[in-house]
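Q: Sequence and predicted structure, then a few things I'm wondering about:
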Amino acid sequence: MATKITAAMVKELREKTGAGMMDCKKALTETDGDAAAAVDWLREKGIAKAAKKSGRVAAEGAVGAYVTPDGQTGAVVEINCETDFAAGNDQFKSLLAKVAQHIAETKPADLDALNNSTIDGEKVSDIITNATATIGEKISLRRFAVYESAGRLASYIHMGGKIGVLVNLTGGDEQLGKDVAMQIAAAAPIAIDETGVPAEVIEHEKDVARKTALEEGKPEKIVERIVEGRIKKFYKEVCLNEQIFVKDNDKTIKDILGGVEVKEFTRFMLGEGIEKKEENFAAEVAAQIK
């Protein structure tokens, strides 16, 4: 005799898996009320649905960060989805927070190691796949950074996850850490000081400055001096220590640091470098009603 599927059974399975009510009812029916088997049934169907979404562009989402209570380890991570609507979903936010904390606590070496690690006995890659099925959009674990510090770690998340920063300082108080992290979010430095700017970037800037000076009609004998001056200005724009402090234009970041040093930082801007698909909604609707 078939097991009677009750509303309570459906509700419990729905809360556990995040799947739709009708899917949960069907899963319980197919598995004769076996809740564990129903979860597996939904996972199998969910994985099939997720596979169909694998070719979609996931350029929305959010950047999250987590610093352990002892302040010695921190992580920043970007997880993408297809729409900002999904990024505002509580399930997506919970996933982001869970993965950020997991990274800080386990310190995986790279994305492969992260995807193959487990949270509560479930592989991270499977958690992402299941999220794709239950949220209904392609979810992509894109990148992360993790730091260990004997000094101070500070993180800052801007605009609900549009920009995320993690910075490692040799010391300083909580306010200093917050100020430096906010500076990095706002001013987007590419290096801590001149020594960290890639040689190819410097050469490119010199080439642009040289051509600009010549086109402006500057005498060739003074062009190199002009180039040198413009490179110094460039350093002040892209090197964290040389940047003007956004909260006090009379000071540089080096001024507010005092004797504290910035050892490393990571700044993730959501979706940077991802080519977003141009949507033609009129064409999409027309295609669906044919």
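A: That came in fine, so what should we check first?
Q: Break the protein into its domains for me.
A: Domain segmentation of the chain under automatic domain parsing yields 7-52, 57-148.
Q: Put together CSV for these, with distance to residue 180, mean neighbour count and mean pLDDT on each row.
A: To be clear about C-beta, it is placed using only N, CA and C from the backbone, and glycine gets the same treatment. Listed next are the domains of the chain as CSV, based on distance: least, C-beta to C-beta, whole Å; neighbours: other C-beta atoms under 10 Å; pLDDT from 0 to 100:
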stretch, distance to residue 180, mean neighbour count, mean pLDDT
domain 7-52, 38, 16, 79
domain 57-148, 13, 19, 95
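Q: right, and these - which one's nearest residue 184?
A: domain 57-148 (11.0 Å; C-beta to C-beta).
Q: What is the end-to-end distance of that closest one?
A: 33 Å (C-alpha to C-alpha, to the nearest Å).
Q: now swap in stretch 28-39 and tell me
A: Taking C-alpha to C-alpha as the criterion, the two ends of stretch 28-39 lie 9 Å apart.
Q: which outside residues touch that stretch?
A: Under the criterion C-beta atoms under 8 Å, 6 or more residues apart in numbering, residues 2-5, 9-10, 12-13, 16-17, 24, 27, 41 lie in contact with stretch 28-39.
Q: and the residue sitting nearest the centre point of the chain, how far is that from residue 62?
A: Per C-alpha atoms, centre = their mean, the C-alpha nearest to the average position across the chain is that of residue 78, at 1.8 Å. Distance from residue 78 to residue 62, counting by C-beta to C-beta, to the nearest Å: 8 Å.
Q: Mind listing the shared neighbours of the two?
A: Residues touching both residue 78 and residue 62 (C-beta under 8 Å, 6+ apart): residue 270.
Q: Please enumerate the strands of the stretch 51-200 of the chain.
A: Remark: strands assigned in the stretch 51-200 of the chain by DSSP state E, counting those that start in this stretch are 60-67, 73-81, 118-119, 122-123, 140-148, 152-158, 163-169.
Q: Including distance to residue 112, could the ones you listed go into CSV?
A: Shown next, in CSV, are the strands of the stretch 51-200 of the chain (distance: least, C-beta to C-beta, whole Å):
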stretch, distance to residue 112
strand 60-67, 20
strand 73-81, 15
strand 118-119, 14
strand 122-123, 12
strand 140-148, 11
strand 152-158, 24
strand 163-169, 21
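Q: Select, out of those strands, the one closest to residue 241.
A: strand 163-169 (12.0 Å).
Q: ok and the closest one relative to strand 60-67, angle-wise?
A: 20 degrees (axes from the mean of the first three to the mean of the last three C-alpha atoms, to 10 degrees).
Q: Nearest to residue 229 among the strands of the stretch 51-200 of the chain would be which one?
A: Closest of the strands of the stretch 51-200 of the chain to residue 229 is strand 163-169, at 29.9 Å (criterion: C-beta to C-beta).
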